[in-house]
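Colleague: dropping a prediction and its sequence here:
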Amino acid sequence: MKRIMYISTTTRKLSDEEVDEIGRKSRVNNSRVAVTGVLLSANEFFFQILEGNEEDVASVMDRIKQDPRHEGLLILKAENGVTKRLFGDWSMNTVRLDGMSDMLMQAIRIMLENITDSHRIIERYTQPAVLQFMTEGINPLTVPVMKTEQVILFGDIVAFSYLSGLYPVEEVAALVNLYLDIASRNIAKNGGQVTKYVGDCVVAHFPPDRADDAVRSCIETLRSIQDLRASAGDCRLQKFLYCGFGISKGLVIEGNIGSSIKMDYTVLGDIVNLAARLESLTREIGKGIALTAAVRDACKENWDFIRAGEFTLKGQSVPQPVYSIADPAVDDMKSYEDILQVVASDCCEIQH
């Protein structure tokens, strides 16, 4: 069996009658599939425990997520392999805490707020893969290291070290956050997973059959950054925001890598290093994307691939063909030297 504990907040203030009706329907629906548990209602918070067969609990959770009266659903804990129910005699009991004393009610409300806020903060610092394991009832620390095939995406900002020395730290940080947010949203939207950030660099991976989605993520990010440059004021840092992406495909080591102090669920290996070197090559070929033949061959969509040349990259003994894509956003690329020249000619003096 499986047990799930979650917190959610109501999208609006619910009347006592509405809360009672939610409890009544829960009892009826959950009893049909032998899902037991308890629902606690405290002002705008719902705290619920569900237990039953895995597929039945998953079905109930799907129904709850689609309920427009809930939002911000946060799974606190999921347990697989449960052998004994905590609420075996309760098809679903609803406990309304609103009638308790003001002091006790305030304490419970603060506790639920703190739990929610703490988990939201942890979510922002945690890799999506780790969160996915936890919501599935898997302890991420027990997941073995394995060799898998992945499409690796590596992207960063052109001439960032130079530009960061010219502008106030607040503006530099805001630009990096903006770039990483745009890139990460496009990666996630297209089915990829952000593995880590390294300064202004983003590293992500996609399943081996989703090379098209990796390419699409890069193009969509480059188009968004084009729009940002066009809307930026003269001599503002955003005006000089250019980025490059390297995409490779092959076998990587995936899993928990780290120490007793800090652990990352990440990918590593030659294919990851290759994506980073391809990203650096974008300045030389004058394209925002550089990718390998393996990525090109894995794509199913009709991208306008072009051969950028053959290059012997660091760590390789023989040259290999490198490809890019003919697209206005991909073509709109500047090298380190280009950006230095533009900054020097357009902005002779930048105020710190």
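Modeller: Yep, that arrived.
Colleague: could you dump the longest helix belonging to the chain to PDB, C-alpha only?
Modeller: Identified as the longest helix of the chain according to DSSP state H is helix 102-124. Output in PDB follows, covering the C-alpha atoms of helix 102-124 (Å, rounded to 0.1, in the frame of the first residue of the first chain):
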ATOM      1  CA  ASP A 102      -8.200  31.200  19.100                       C
ATOM      2  CA  MET A 103      -4.800  30.700  20.700                       C
ATOM      3  CA  LEU A 104      -4.600  27.000  19.800                       C
ATOM      4  CA  MET A 105      -6.000  27.700  16.300                       C
ATOM      5  CA  GLN A 106      -3.400  30.400  15.800                       C
ATOM      6  CA  ALA A 107      -0.600  28.000  16.800                       C
ATOM      7  CA  ILE A 108      -1.800  25.400  14.400                       C
ATOM      8  CA  ARG A 109      -2.100  27.900  11.600                       C
ATOM      9  CA  ILE A 110       1.500  29.200  12.200                       C
ATOM     10  CA  MET A 111       2.800  25.600  12.300                       C
ATOM     11  CA  LEU A 112       1.100  24.800   8.900                       C
ATOM     12  CA  GLU A 113       2.400  28.100   7.400                       C
ATOM     13  CA  ASN A 114       5.900  27.300   8.500                       C
ATOM     14  CA  ILE A 115       5.800  23.800   7.200                       C
ATOM     15  CA  THR A 116       4.600  25.000   3.800                       C
ATOM     16  CA  ASP A 117       7.100  27.900   3.600                       C
ATOM     17  CA  SER A 118      10.000  25.600   4.600                       C
ATOM     18  CA  HIS A 119       9.100  23.000   2.000                       C
ATOM     19  CA  ARG A 120       8.700  25.700  -0.700                       C
ATOM     20  CA  ILE A 121      12.200  27.000   0.100                       C
ATOM     21  CA  ILE A 122      13.700  23.500   0.000                       C
ATOM     22  CA  GLU A 123      11.900  22.900  -3.400                       C
ATOM     23  CA  ARG A 124      13.800  25.900  -4.900                       C
END
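Colleague: tell me the mean pLDDT over it?
Modeller: Mean pLDDT, computed over helix 102-124, is 76.
Colleague: which strands and helices sit next to it?
Modeller: strand 2-10, strand 36-42, strand 45-52, strand 70-80 (3 or more C-beta pairs under 8 Å, 6 or more residues apart in numbering; DSSP states H and E). Glycine gets a C-beta too; all of them are placed from N, C-alpha and C.
Colleague: C-terminal to it, what's the next element?
Modeller: With elements assigned by DSSP states H and E, the helix or strand that comes after helix 102-124 is helix 128-135.
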